[in-house]
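Just to be clear, the model below is a prediction. Sequence and coordinates:
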Amino acid sequence: MVADIFSAMSADFQAGVAKKPLSFYFSIGEVKQTVFLAPESCRILAGKQTEAADCVCKMGEDLFLRIWQEGYQPGLKDFLTGAIKSNDPEALKTFLAAFGKG
């Protein structure tokens, strides 16, 4: 299910949201994906495709599905409890907005 979401994600991309190129590495359960955002484009690749992603994010499948399918907006508690682990929570806001989820 999560892999299917990443496969279809580019159809929801909204140009102009990302103001500069950003790279994201996601570890969602067993699914590993790299997403490259630019102001006018996005690339979504399976696996780890960069050694130094701007934003690394790890969470469980259930929480990811809740965010993507139900519109749940993660809050500080999700990061403090470790439900979401990321080196740049602000970049995740940009990511969600770039796909109409923010």
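Now that the structure is in, tell me what you want to look at. Numbers count the residues shown, from 1 in each chain.

For the chain, which segments are assigned as strands?
Taking DSSP state E as the criterion, the chain contains strands spanning 22-28, 31-38, 41-46, 55-59, 84-86.

how near is the residue located most distally from the centre of the chain to L92?
Computed with C-alpha atoms, centre = their mean, the residue of the chain farthest from its C-alpha average is T81, at 18.8 Å. Summarising the geometry, the distance separating T81 from L92, computed by C-beta to C-beta, to the nearest Å, is 16 Å. All C-beta spots, glycine's among them, are computed from the backbone N, C-alpha and C.

What of G47?
From G47 across to L92, the span is 20 Å (C-beta to C-beta).

Next up, the contacts around the closest residue to F6 other than its chain neighbours.
Beyond its immediate neighbours in the sequence, the residue positioned closest to F6 (C-beta to C-beta, 6 or more residues apart in numbering) is Q33, lying 4.8 Å away. When the contact criterion is C-beta atoms under 8 Å, 6 or more residues apart in numbering, the partners of Q33 are 3, 6, 25-26, 44-47.

Could you give the bridge partners of Q33?
The bridge-partner assignment for Q33, based on DSSP bridges, gives F26, A46.

cool, the one 4 residues further on as well?
The partner list for L37 in beta bridges (DSSP bridges) reads L22, C42.

wait, S86 sits on L92?
Yes: counting by C-beta atoms under 8 Å, S86 does reach L92; the two are 5.9 Å apart.

where do the contact lists of those two overlap?
Each of 55, 57 lies in contact with both S86 and L92 under the rule C-beta under 8 Å, 6+ apart.

so who does the nearest residue to D78 once chain neighbours are set aside touch?
Across the structure, with C-beta to C-beta, 6+ apart as the measure, the residue nearest D78 apart from its sequence neighbours is I84 (4.6 Å). Under the criterion of C-beta under 8 Å, 6+ apart, the neighbours of I84 are 57-59, 63, 74, 78, 92.
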